[in-house]
Each structure stands twice: as C-alpha cells, then as structure tokens.
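Student: Sequence first, predicted model second:
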Amino acid sequence: MEHIRINDKIRLERVKASMAPVIFQTIDRDREYLKEWLPFVNFTEKVSDTEMFIESISSPENVRDEIFSIWYNEEFAGLVGFKDTDWTNKKTEIGYWLAQAMQGKGIISACVQKLLSYAFQKLKLNRVQIKVAEGNQKSEAIPQKLNFTFEGIERAGELHGKDYLNLKIFSRLAADSV
C-alpha cells in the first residue's frame, strides 16, 4: 500500500527517501515541542539522520514497520504507522507524531481509525496496540477516543534522555470491531 486517502483533506503516503528533507525540517522547526515526548528528536540533528531512519524502515528485510507520511491539505503534517509487527502472533503497534501547527484538527484520530481498519481487514491482524508515555494527555486521548482498552503500565518502558518513562498500553482486538 503506497497511498491511503483518509478524507478530502488528509492522505497518507508510504515514507520514501525523497521526503527526508521535509520530515527533518518539521522535526527541526518543532524540536522544542516534539522532544518533550519523542526521544528520537534529540538524535535527529541533520537530514542524514532522517535519511538513515527512512532507509532502515524501507529495507526489504524490514517486515515489521510500515510508516506513512501524513499530508493535510497537501502540507506535510507528521508520521503514523505500524511498528514492531509480529506476523506470527498477528499483532502490531501504531505510533504517530504530528507537527505542532497540525494539532487539534482530528488528523491523528482519523489516521489511526483508518489504519485500524486496514490492520484488521486487509492484514488480518488480531491485535493493535498503542503505547503512550504517562502524562502525554494529547496522545492518550487518541486510543481513548477510538475505544481502545487500557491494559496497564509498562514500567520504565522508554528511555528518554537520562530517564525512563512509564508507558500506558492500550489495545484493540479484531473481535472488538465486530
């Protein structure tokens, strides 16, 4: 799947190398905003860092990640996609981030809803989870709005600078969508 139309304003496009400059520019412009919850921001210092990330998820050996750029009114808005997909157990995780100026437009909710349908109907997965750092209320609102089940806390689940953050785990099962 290369493109997904979400609605008349939002489309997803599989991340490709030519997008590295616009992705990096957005990260760099919104660095202070994004780094509060996204550990990778501190390691993304130049376009080549973004190019290396795209190369790592685009390699033929990578069957665990499928990442999409988000375009809102044809302007780059952020990234969303499947990560750490476990094909044997038919489960995946959805991760996302959005540029500061794109907040509050319902973009991520719409994208995650579409990817849920894709995961259950097309990929025939059984479980989709979202992990959210404790305290990240904007991000936590997404699985809550989309009727994910809160499962618990992954203690010290993500290294962020010198500290570990606890992660709240939310899930939806294929059976939940029936």
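Tutor: Now that the structure is in, tell me what you want to look at.
Student: Quick one: residues contacting the spatially closest residue to Met19 that is not a sequence neighbour.
Tutor: Among residues not flanking Met19 along the chain, Ser69 sits closest, at 5.5 Å (Cβ to Cβ, 6 or more residues apart in numbering). Where C-beta positions appear, they are placed from N, C-alpha and C, glycine not excepted. Shown in contact with Ser69 (Cβ atoms under 8 Å, 6 or more residues apart in numbering): 12-15, 19, 23, 76, 78-79.
Student: and with 10 Å instead?
Tutor: 11-16, 19, 22-23, 26, 54, 76-81 (Cβ atoms under 10 Å, 6 or more residues apart in numbering).
Student: Next, work out how far apart it and Ile23 are.
Tutor: Separation of Ser69 from Ile23 (Cβ to Cβ, to the nearest Å) stands at 7 Å.
Student: Next: Val128.
Tutor: 24 Å.
Student: picking that back up, which neighbours do Ser69 and Ile23 have in common?
Tutor: Common neighbours of Ser69 and Ile23 (Cβ under 10 Å, 6+ apart) are 15, 54, 76, 78-79.
Student: Can I get these in TSV including pLDDT and secondary structure?
Tutor: Shown next, in TSV, are the shared contacts of Ser69 and Ile23 (pLDDT from 0 to 100; DSSP: H, G, I helix; E, B strand; the rest coil):
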residue	pLDDT	secondary structure
Val15	94	coil
Ile54	91	helix
Phe76	98	strand
Gly78	98	strand
Leu79	97	strand
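Student: from those, which is closest to Ser109?
Tutor: Using Cβ to Cβ, Gly78 is the member of these that lies nearest Ser109, at 12.8 Å.
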